[in-house]
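J.: model this:
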Amino acid sequence: MITSVAKSGNLAPFLKGVSQTLGNNLKPSAQAVVHGTDYFVTPNTPKVHVSHTLRKILPTNDIKVRGGPGVTTQVRYAHTDLTVPDFSNYRRNSVKDPSAQTRDSEEARKSFTYLVVAGGAVASAYAAKTVVTQFVTSMSASADVLALAKIEVKLGDIPEGKSFTFKWRGKPLFIRHRTIEEIEKERKVNISELRDPEKDEDRTQKSEWLVLVGVCTHLGCVPIANAGDYGGYYCPCHGSHYDGSGRIRKGPAPLNLEVPPYEFLDETTLVVG
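T.: Numbers count the residues shown, from 1 in each chain. The predicted model follows:
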């Protein structure tokens, strides 16, 4: 803040807020005697300033300018006692010379900056990759679930005309060993009359083996094998009837029973999943 104070003209020559400090031409009456020293003087270590210490150098009181008739503006010439900050300790050696061209050292300075940024980017990417990997891994299936992701079934244990139930991924799995009569019966069905049209050949890899997920497509109940009006599967919850190929024939279920992914390792081994 700058405050202006006006003085009276009559008293102005005698009243001044600040006296001038000027050098004079007086010489000392005697020569100063210089004594030699037998020790080395160590130069003072330059002070390293930060923003907090630099603020202490700034003036804290209000700045006043006094003026009036017959009063000159007060000038301070004893300025050599003011401390000027020196930032040489913070500057690079290539830019300390004020007469040097900055473009001569521009490439070297930029190369260092690019190297630091690239190193930080690589470290950040590695840290992010580690965090994401741990997060995704925590969301994956547990070991016991993965162990049941695939099951192996010995087909020799299932007699002809019977349907066995297994557990696969927490769901019931129906494997039916069909007879020749059942196969011929299901393949004679007119698919245009079905709610969810699908051929029997498209639902089986080998005609004698029918593999189905035992979950009703209506509300998720478990159907009963070898039951219903069509001799396939019957859901007792709401009365959905499926035929010997797992196709919906009657009741509220909208779709056929699901066929899971499976493959035959050999003539007697089936892998589901």
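
J.: okay, CA-based contacts and neighbour counts for the rest of this
T.: Will do.

J.: walk me through the domains of this structure.
T.: 103-140, 151-272 (the TED database).

J.: okay, how far is it across stretch 246-263, tip to tip?
T.: Using C-alpha to C-alpha, to the nearest Å, one end of stretch 246-263 lies 19 Å from the other.

J.: coming back round to it: for the domains of the chain, could you give me TSV that also reports distance to T60, mean pLDDT and mean neighbour count?
T.: Converted to TSV, the domains of the chain look like this (distance: least, C-alpha to C-alpha, whole Å; pLDDT from 0 to 100; neighbours: other C-alpha atoms under 10 Å):
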stretch	distance to T60	mean pLDDT	mean neighbour count
domain 103-140	38	88	11
domain 151-272	77	88	17
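
J.: the ones you listed: which one's closest to K96?
T.: domain 103-140 (11.3 Å; C-alpha to C-alpha).

J.: which secondary structure elements does the lengthiest helix in the chain contact?
T.: Looking across the chain with DSSP state H, the single longest helix is helix 106-139. Counting contacts by 3 or more C-alpha pairs under 8 Å, 6 or more residues apart in numbering; DSSP states H and E, helix 106-139 packs against no other helix or strand.

J.: for that helix, what is the distance to the chain centroid?
T.: Centre-to-centre, helix 106-139 and its host chain are 13 Å apart (C-alpha atoms, centre = their mean, to the nearest Å).

J.: do the same with stretch 245-253
T.: Computed by C-alpha atoms, centre = their mean, the chain-centroid distance of stretch 245-253 equals 47 Å.

J.: and the end-to-end length of that stretch?
T.: 15 Å.

J.: out of the domains of the chain, nearest to R91?
T.: With respect to R91, and counting by C-alpha to C-alpha, the nearest of the domains of the chain is domain 103-140 at 11.6 Å.

J.: so how far is that closest one from its chain's centroid?
T.: So, by C-alpha atoms, centre = their mean, the centroid of domain 103-140 is 14 Å from its chain's centroid.

J.: for stretch 184-195, same thing?
T.: How far stretch 184-195 lies from its chain's middle: 54 Å, per C-alpha atoms, centre = their mean.

J.: many thanks, have a good one.
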